[in-house]
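Visitor: just coords:
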């Protein structure tokens, strides 16, 4: 199956700093990528839809200035958590959507801890 | 609007038991895709299956089988002779990319399966 990589797999940062998470589709091109946040024992919460070459579409309640998304190419999308705070600590997951099947392939996730 | 309901929050079974995970969906679209994903304790979601709305054939893959019934809007997942390695959270999802439907998938809340040795 298709492979999506996500880096880093875990990161600890201090409050007030910014963290960038990369999501790459390794063996297919993805026009659309998604960014999710998952709290312990909960479902995936869609944060934003990222389309190559255009601005990301954010879900209601997600601060676009805090969670900056860039989809620079058909194989790379990045999520930058700016001025991170402890409440931003979470498990962040990206996925890349294959076409025309619309199957989503997920990255392994990034566990962010803000101290 | 699309909705996916996984009513079972947690299921606990003993190894070798059969277990069925329920998934009920709602959509106004006549064509759509249904998916199942597995999230083991490591956290990475793994694609298991995709089913087109116009293909109601049931599918079997090893110990896994899926029962798609449009009449009841259900897409249930059965694991036969469960094993400890099957312990994970399983998500059902729906995408309806045609006729104005959103290609953004809708996920259920997940069912946590615990298989005891």
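Guide: Thanks, I have the structure now. Nothing here was measured: the structure is a model prediction, and the numbers come from that model. Residues are numbered from 1 along each chain as shown, chains lettered A, B, ... in the order given.
Visitor: give me the element residue B:114 is part of.
Guide: When elements are defined using DSSP states H and E, residue B:114 is found to belong to strand B:111-116.
Visitor: What strands flank that strand, and is each parallel or antiparallel?
Guide: strand B:10-14 (parallel), strand B:88-95 (antiparallel) (DSSP bridges).
Visitor: Pull the residues that contact the helix or strand bottoming out on mean pLDDT in chain B.
Guide: Within chain B, no helix or strand scores below strand B:59-61, which has a mean of 89 by mean pLDDT, DSSP states H and E. If you take Cβ atoms under 8 Å, 6 or more residues apart in numbering or on different chains as the criterion, strand B:59-61 is touched by B:49, B:51, B:65-66. Heads up, the C-betas are built off the backbone N, CA and C, glycines and all.
Visitor: what's the answer for stretch B:2-12, then?
Guide: So stretch B:2-12 is contacted by B:19, B:21-27, B:29, B:90-94, B:96, B:101-102, B:106-114, B:116 (Cβ under 8 Å, 6+ apart).
Visitor: low-scoring stretches of the chain, by residue?
Guide: Defaulting to chain A. Applying pLDDT under 70 to chain A flags residues A:1.
Visitor: meant chain B, my bad for not saying
Guide: In chain B, residues with pLDDT under 70: B:98-102.
Visitor: Name the residues of it found near chain A, please.
Guide: For chain B, the contact set with chain A under Cβ under 8 Å from any Cβ of the partner chain comprises B:33, B:35, B:37, B:42-47, B:50, B:91, B:93, B:95, B:97, B:103-105, B:107-110, B:112.
Visitor: What's the ChimeraX syntax to select whichever of the residues you listed are buried?
Guide: Buried residues among the residues of chain B next to chain A (16 or more other Cβ atoms under 10 Å in any protein chain shown), as a ChimeraX selection:
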select /B:33,35,37,43,44,45,47,50,91,93,95,97,104,105,107,108,109,110,112
